[in-house]
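Asker: Structure of the sequence below:
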Amino acid sequence: MSEKNNQPKQVQINTRDEMSRGRYSNNMLVTHSPEEFVIDWLLNSPGGTHLVSRILVSPGHMKRIVSALVGNLKKYESRFGEIKTVESTEQKFH
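Answerer: Residues are numbered from 1 along each chain as shown. So this is what the prediction gives:
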C-alpha cells in the first residue's frame with residue numbers, strides 16, 4: 001500500500017523567456033458556445049484597448065478554473081484582507 005502525499009504535485013513548465021515574464025491585463029471579456037469558453041485578456045490604456053492574450057477552454061476546464069480562482073481569492077483575502085473593488089465606470093484615464 002502507498003501512503004497519500006499531502007504535498008502538491010510539482011510540475012515542470014518549459015517556456016520561452018518572453019512568456020515567463022507574463023503579461024499585464026486590467027480587463028477581460030468572456031464569451032462562450034456550447035463547446036468552449038473564450039477568455040480575452042485585455043489592456044485598457046490611453047491608446048485604446050489591446051488584446052493581451054486569448055485562451056480557449058472546454059466548459060469542464062472553465063469550471064475548474066473558476067473553482068481554483070475562488071479558492072485562491074479566499075486564501076488571499078484571509079491572509080491580506082478583503083480586496084476593495086472599483087466600479088468599471090471609475091476606471092478612466094485622465
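Asker: Point out where this structure drops to low pLDDT.
Answerer: 1-5, 88-94 (pLDDT under 70).
Asker: Where do the strands of it begin and end?
Answerer: With DSSP state E as the criterion, the chain has strands at 27-32, 37-45, 48-57.
Asker: So what are the sheet partners of the longest one and their directions?
Answerer: Strand partners for strand 48-57, identified by DSSP bridges, are recorded as strand 37-45 (antiparallel).
Asker: Output the strands of the chain in a markdown table, with mean neighbour count appended to each entry.
Answerer: Quick note: C-beta positions are derived from backbone N, CA and C, even for glycine. Converted to a markdown table, the strands of the chain look like this (neighbours: other C-beta atoms under 10 Å):
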| stretch | mean neighbour count |
| --- | --- |
| strand 27-32 | 12 |
| strand 37-45 | 15 |
| strand 48-57 | 12 |
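Asker: who wins for proximity to residue 14 among those strands?
Answerer: strand 48-57 (18.3 Å; C-beta to C-beta).
Asker: by how many degrees do the closest one and strand 27-32 diverge?
Answerer: Here strand 48-57 runs at an angle of 40 degrees relative to strand 27-32 (axes from the mean of the first three to the mean of the last three C-alpha atoms, to 10 degrees).
Asker: OK, contacts around the nearest residue to residue 39 once chain neighbours are set aside?
Answerer: Excluding the flanking residues, the one nearest residue 39 by C-beta to C-beta, 6 or more residues apart in numbering is residue 55, at 4.6 Å. Applying C-beta atoms under 8 Å, 6 or more residues apart in numbering to residue 55 gives the contacts 38-39, 41.
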